[in-house]
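Trainee: give me the fold of what follows.
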Amino acid sequence: RSYAKAFRERRCVVPLSGFYEWRKDAQGVKHPMAIYRADGAPMSVAGVWSTWQGDGAADPVPSFSIVTTRANTFMESIHDRMPVVLDDRDLELWLDPEVQEPERVLPLVRPCPPVWLAAHEVSRAVNSVKNNRPGLLAAI
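Mentor: Residues are numbered from 1 along each chain as shown. Here you go, the predicted model:
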């Protein structure tokens, strides 16, 4: 409910080269995974945007949220949810500000085909915002 107005009126696309998610093994130990498009293309992830007035801020602060859905068969072994990765054919509809009927865009909120995705385990260093270097994407 908190995103209903944004879902109707302020949809956006968040371009991603990939994202991290934590996979729990049989012993309950979590392992960070890099998830990305198998073909190397950027992901067009469904989002909603808003602005809000921060404490003492003179200007509104823009923000966005990524829309998620249930996991596809690829993601199931990693996590139970995933971002909505849009098909290029659906971008125009998702971004059309004239389309404000949720029932027209709700069918786009679905898992992408499993073959679109690939993943590999990465260093636990991804768990800290202090770490920001290309080597974090290296497979371990």
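Trainee: return the residues in contact with the residue nearest the centre of the chain.
Mentor: With distances taken as CA atoms, centre = their mean, the residue of the chain nearest its centroid is residue 83 (3.5 Å). By CB atoms under 8 Å, 6 or more residues apart in numbering, the contact list for residue 83 reads 16, 19, 43, 45, 46, 66, 67, 68, 69. Every C-beta, even on glycine, is put in place using the N, C-alpha and C of the backbone.
Trainee: which one is the third one nearest to, not counting chain neighbours?
Mentor: Closest residue in space to residue 43, ignoring its immediate chain neighbours: residue 16 at 4.4 Å, by CB to CB, 6 or more residues apart in numbering.
Trainee: from residue 35, how far out is the residue nearest to the centre of the chain?
Mentor: Distance of residue 83 to residue 35, computed by CB to CB, to the nearest Å: 9 Å.
Trainee: all helices for the protein, in order.
Mentor: Per DSSP state H, the chain carries helices over the ranges 4-9, 91-95, 102-105.
Trainee: got the CA positions of the last one in PDB?
Mentor: Right, helix 102-105. Extracted in PDB, the C-alpha atoms of helix 102-105 (Å, rounded to 0.1, in the frame of the first residue of the first chain):
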ATOM      1  CA  PRO A 102      -2.300  -1.000 -11.900                       C
ATOM      2  CA  GLU A 103      -3.900  -3.900 -13.700                       C
ATOM      3  CA  ARG A 104      -2.100  -2.900 -17.000                       C
ATOM      4  CA  VAL A 105       1.400  -3.100 -15.500                       C
END
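Trainee: which outside residues touch it?
Mentor: Contacts for helix 102-105 (CB under 8 Å, 6+ apart): 4, 7, 8, 11, 93, 94, 99.
Trainee: again with the first one
Mentor: Contacts to helix 4-9, defined as CB under 8 Å, 6+ apart, come from residues 48, 49, 50, 65, 67, 97, 100, 101, 102, 105.
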